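Engineer: Return a 3D structure for these sequence lines:
(one chain, ligands or ions: 2)
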Amino acid sequence: MRTEPFSLRLSSPLATASGAIEAREGFLVRYDHRDETGIGEATPLPGWTESLADCERALDRAAEAEVSGGHTAAMLELAADTVPAARHGFATALLDADARADGVPLYRWFDADRRCESVPVNATVGDGDPTETADAVERAVDGGFDCCKLKVGARAVAADVDRVRAVRERVGADVTLRADANGAWSREQASEAFDALAEFGVAYVEQPLAADDLAGHADLRGGPVGVALDESLAHQRADTVLAADAADVLILKPMALGGPGNAHTLALRARERGIEPVVTTTIDGVVARLAALHVAAAVPDIGACGLATGDRLGGDLAPDPATVTDGEMTVPQTDGLGVDPAEVRQDA
Ligand SMILES: O=C(O)CCC(=O)c1ccccc1C(=O)O
Ligand SMILES: [Mg+2]
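Structural biologist: Residues are numbered from 1 along each chain as shown. Ligands and ions are numbered 1, 2, ... in the order given. All right, here's what the predicted structure looks like:
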């Protein structure tokens, strides 16, 4: 196992209720397995995953364990609940090598019977005043998106409602709107927001309440605006979240869940319970974005996913083979993730 640090600046920082994301630092992971080299990416995001320092220590421990015990021993050092980003990095490299060895794109390693050319994606629009927000959504719609997610919760509920009204007036009824409060609201604020946002046809709100308030989320369900859980999954066991009947939609971030395999398993388990899975990045480099794209591609009839985040980066780890046209992201059909590990490095 070989690891290499990288640091990517966002040319377009994402303003959220829990602060702005301005840069992403992490590690590329390379692993030789079954005569192939696989590549993975560990890009921790504090609040969602372990710290950068804990990620590095976990990868070092895993590399040491691998020398004598192979990939099984390495994986035992990488617990999904404590070091999910480190686990994601190694697990992705292993999966990439396995899919290459089997001669299939990663999504077909998850489900050999599937063929998936593209995955629908939403545009992600950060906090801003009503005009800035409507401008950003209009640009996205002009660029072919028909589903936009707005960050809310960074200002008063009434001010967010003004933003959503401005967006709806600007782009009309045909665009699907979602909101993401990143856990900012009290129960009272959330119920006020849900009542007001219903008028503008908001499909769902991601994490309206704190991550541990599953009962509060369960109470918000049943109206025209759906409830999606995101942070709750990063902070609690998936079994607890699934059993709480607290969500219409589950947001699955492979980086926060310990890897593409864990995210894929959870997507199918959510479906079994009538909960819609949505796969998103944590604003990552191209390796992790492709891993998330393949997870989404492996799930039949998945709705719009939060994968169109590459254009926020000022530089990347390799050219991106997945382009977005008419709100659909193309899925690479070459073996593995769809990037050549030899061409992956910072600012490639
Ligand atoms: O879902 C999207 O549209 C993009 C991803 C996104 O919003 C996000 C990115 C980094 C950290 C947290 C989040 C989030 O969904 O809350
Ligand atoms: Mg979210």
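Engineer: use CA for all of it now, contacts and neighbours both
Structural biologist: Noted.
Engineer: residues contacting the residue of the stretch 151-300 of the chain found nearest ligand 1?
Structural biologist: Among the residues of the stretch 151-300 of the chain, Thr282 lies closest to ligand 1, at 3.7 Å counting by Cα to the nearest ligand atom. Shown in contact with Thr282 (Cα atoms under 8 Å, 6 or more residues apart in numbering): Leu45, Lys253, Met255.
Engineer: For it, grab phi and psi.
Structural biologist: Per-residue torsions, Thr282: phi -110, psi 30 (degrees, to the nearest 10).
Engineer: Numbering from 22 from now on, please.
Structural biologist: Will do, 22 is the new start, and the previous item becomes Thr303.
Engineer: Check what pLDDT Gly357 gets.
Structural biologist: Gly357 carries a pLDDT value of 98.
Engineer: quick one, phi/psi of it?
Structural biologist: phi 70, psi -140.
Engineer: residues contacting it?
Structural biologist: Leu116, Asp117, Ala118, Asp119, Ala120, Arg121, Gly124, Val125, Pro126, Leu127.
Engineer: Val142 now?
Structural biologist: With Cα under 8 Å, 6+ apart, Val142 has these contacts: Phe166, Cys168, Gly324, Ala325, Cys326, Gly327, Leu328, Ala329, Gly348, Glu349, Met350.
Engineer: hmm, try it at 6 Å
Structural biologist: Shown in contact with Val142 (Cα atoms under 6 Å, 6 or more residues apart in numbering): Ala325, Cys326, Gly327, Gly348, Glu349.
Engineer: tally of neighbours for the fourth one?
Structural biologist: What that stands for is Gly348. Residue neighbour count, defined by other Cα atoms under 10 Å, stands at 23 for Gly348.
Engineer: now do the second one
Structural biologist: For Cys326, the number of neighbouring residues by other Cα under 10 Å comes to 25.
Engineer: now do the one 4 residues further on
Structural biologist: Taking other Cα under 10 Å as the neighbour definition, Thr330 ends up with a count of 20.
Engineer: same thing with the one 4 residues further on?
Structural biologist: Using other Cα under 10 Å as the criterion, Leu334 is surrounded by 20 other residues.
Engineer: What about it? Give its phi and psi, please.
Structural biologist: Per-residue torsions, Leu334: phi -80, psi 140 (degrees, to the nearest 10).
Engineer: Excluding chain neighbours, what is closest to it?
Structural biologist: Closest residue to Leu334 apart from its sequence neighbours, by Cα to Cα, 6 or more residues apart in numbering: Leu31 at 4.2 Å.
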